[in-house]
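**Student:** fold the stuff below for me.
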Amino acid sequence: MKKQKINYSKARQIYLKRLKKDKFIVLFSQIGIFLIFLGLWQLLADTGVIDPFFFSSPSRIAITFADLIAKNNLWIHVWTSLYETIIGFVLATAIGFLFAVLLWSSEKLRKIFEPYLIILNSLPKIALGPMIIFWVGSGTGATIVMCILICVVITTISMLNAFISCDSDKILLMKSMHANKFQIFCKLVLPNALPEFTSVLKINVGMSWVGTIMGEYLSSRAGLGYLINYGSQILKLDIVMTSITLLCILAGGMYFLVSLLEKKYKK
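**Tutor:** I've put the predicted structure just below:
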């Protein structure tokens, strides 16, 4: 079956063309800025304005990347960090979301736990590092727990605020129609909070990577955090910069997937 062609008005066509042009300009500018940054960085390193030993350079990063691949251990580190981040990201988001629902459902519980949430959010999670190692042992378990601790409180607070911000008049209207709490949540509160949920996912992408790298700093023999720590200890800053570059690529990939989910939801 052929799709029927939609004939837009002239004003609408001009508007769509402008949107397409603006989108192209933004994308072209983003790529251009990135390429100019790489070129300037390489130029400054080649001319000795900056010391490549301390600041590395794109060419040295490329060489280090190829060297790590040749040694057959790069993908182990990449997969370890990616696995830990995804597990921590999913668990933290799910736990934080469910806890926010629980606090929304009971005003008493919300008043009891709200001060503790604020305190936990302000607590430097790295301070709990030694205790986490004693609790779950070193390695992947400790890294995932660190990732969860960093993301879960932010998720809970953000989602709870989104639930509470729902229009009270609409809630009152549903109550007048004998809707129970579950129906009010599913039909009104949750749809109202979905834009905030996508924002929380974007925040958690960055925070989960922070948690993973911090956890791997504490106790790990694999992962990008381990590579960063190892490279700094042996004064091989090219390894550090290569690991940071890979970290940016992976985090950007996760952010892109969340953005696709957001666009699908808006449609």
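**Student:** any low-confidence regions in this structure?
**Tutor:** Low-confidence segments of the chain (pLDDT under 70): 1-9, 265-267.
**Student:** in the stretch 51-200 of the chain, which spans are helices?
**Tutor:** 52-55, 58-70, 74-105, 107-122, 129-136, 140-164, 168-176, 181-184, 190-218 (DSSP state H, counting those that start in this stretch).
**Student:** right, and the ones you listed - which one's nearest residue 237?
**Tutor:** Residue 237 lies closest to helix 52-55 among the helices of the stretch 51-200 of the chain, at 6.4 Å (C-beta to C-beta). (C-beta placed from N, C-alpha, C; glycine too.)
**Student:** that closest one packs against which elements?
**Tutor:** Contacts defined by 3 or more C-beta pairs under 8 Å, 6 or more residues apart in numbering; DSSP states H and E place helix 52-55 against helix 10-46, helix 237-266.
**Student:** now do the first one: which elements does it pack against?
**Tutor:** Using 3+ C-beta pairs under 8 Å, 6+ apart as the contact criterion, the secondary-structure elements in contact with helix 10-46 are helix 52-55, helix 58-70.
**Student:** can you put those in TSV and add mean neighbour count and distance to residue 129?
**Tutor:** Shown next, in TSV, are the helices and strands packed on helix 10-46 (neighbours: other C-beta atoms under 10 Å; distance: least, C-beta to C-beta, whole Å):
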stretch	mean neighbour count	distance to residue 129
helix 52-55	13	28
helix 58-70	15	27
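**Student:** could those helices go into JSON lines alongside distance to residue 149?
**Tutor:** Formatted as JSON lines, the helices and strands packed on helix 10-46 follow (distance: least, C-beta to C-beta, whole Å):
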{"stretch": "helix 52-55", "distance to residue 149": "33"}
{"stretch": "helix 58-70", "distance to residue 149": "30"}
